[in-house]
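Student: Quick one: sequence plus predicted model below, questions after.
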Amino acid sequence: MFKNKSYIGISFIILIFGIYAVPKIVDRIKNGEVVKGNRLDNVGLKSSKSDAKLLTIGPAPKFELTNQDNVKVSNQTYKGKVYVLEFFFTTCPSICPKMNLSMLEIEKTFFGNPNFGIVSITIDPAHDTPKVLKDHAKLLGAKSSNWNFLTGDKATIMDLSNKGFNLYAGENAKVNGGFEHSGLFALIDKDGNIRCRKDDFGNPILYYDGLDKKGVRDIQEDIKILLEE
């Protein structure tokens, strides 16, 4: 008898709750408010802002080198432009062909945009003279007037890579081609700052992987962001 009364009491409470709450829930669904609670809105806004904002690592190292047309080119040449910078050498038998294809894809995406450029710096300047670089650019099919292939003093270039950008480059007689270097691309904004996105854990990635499809896709997305700044 007592149990029956308890069940009746619980049923009555549920009935009252349903009469009160269900109409309000239905109204919120009709008005599209169920998934728009204040807390959910705030989380969404913070996430989208954070994802869209690129980190500023600091000023890119200064450089002045000679391009494929035997013209002096410096970081000031790219002032007011967004550009991607890499280190390579023309006789590289390992990662450079893949890096070249990645850079060509980037060039194609932004071809004709006067506010975008590419800088490719050789780490084998003894071999990669302006003429060799010009032939290399032609062989690749590089078309942009803002894509400079640069050569110069070897010690200066090695310091620029290893100490300036902290991108490894060095000689190694034991490897094919005689040189080793990073396959990463640096992204630099219109004010001459190195920029990057965060990884999945919220840490700056610093540079973009020029050997990886995702890295190439990511840098193109972020170039678009910087061009709009």
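Tutor: Thanks, I have it.
Student: Kindly format the C-alpha coordinates of stretch 89-97 as CSV.
Tutor: Coordinates of each C-alpha in stretch 89-97 appear next as CSV, following Å, rounded to 0.1, in the frame of the first residue of the first chain:
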residue,chain,number,x,y,z
PHE,A,89,70.3,23.6,-53.1
THR,A,90,69.9,22.8,-56.8
THR,A,91,71.7,19.4,-56.9
CYS,A,92,69.8,18.1,-53.8
PRO,A,93,68.8,14.5,-54.6
SER,A,94,66.6,13.9,-51.6
ILE,A,95,64.1,16.3,-50.1
CYS,A,96,64.4,19.3,-52.4
PRO,A,97,62.4,17.9,-55.4
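Student: From what I see, Leu160 and Glu64 are in contact.
Tutor: No. Under the criterion of CB atoms under 8 Å, Leu160 makes no contact with Glu64, lying 10.2 Å away. For glycine as for every other residue, the C-beta is placed from the backbone atoms N, C-alpha and C.
Student: The two: who's more crowded?
Tutor: Taking other CB atoms under 10 Å, Leu160 and Glu64 do not tie; Leu160 has more neighbours (23 against 13).
Student: Tell me the helix or strand right after the least confident helix or strand in the chain by mean pLDDT.
Tutor: None of the helices or strands of the chain scores lower by mean pLDDT, DSSP states H and E than helix 38-52, at a mean of 36. Downstream of helix 38-52, the first helix or strand assigned by DSSP states H and E is strand 55-59.
Student: For that following strand, give me every contacting residue.
Tutor: Residues outside strand 55-59 that contact it (CB atoms under 8 Å, 6 or more residues apart in numbering) are 189, 192-198, 204, 206.
Student: quick one: the helices in this structure?
Tutor: Using DSSP state H, the helices of the chain run over 2-30, 38-52, 96-110, 130-140, 154-159, 213-228.
Student: I'd like to know which of these has the weakest mean confidence.
Tutor: Looking over these, mean pLDDT reaches its minimum on helix 38-52, with a mean of 36.
Student: partner residues bridging the residue nearest to Phe110 when sequence neighbours are not counted?
Tutor: Nearest non-adjacent residue to Phe110, counting by CB to CB, 6 or more residues apart in numbering: Phe116, 4.3 Å away. As for beta bridges, Phe116 partners with Val82 under DSSP bridges.
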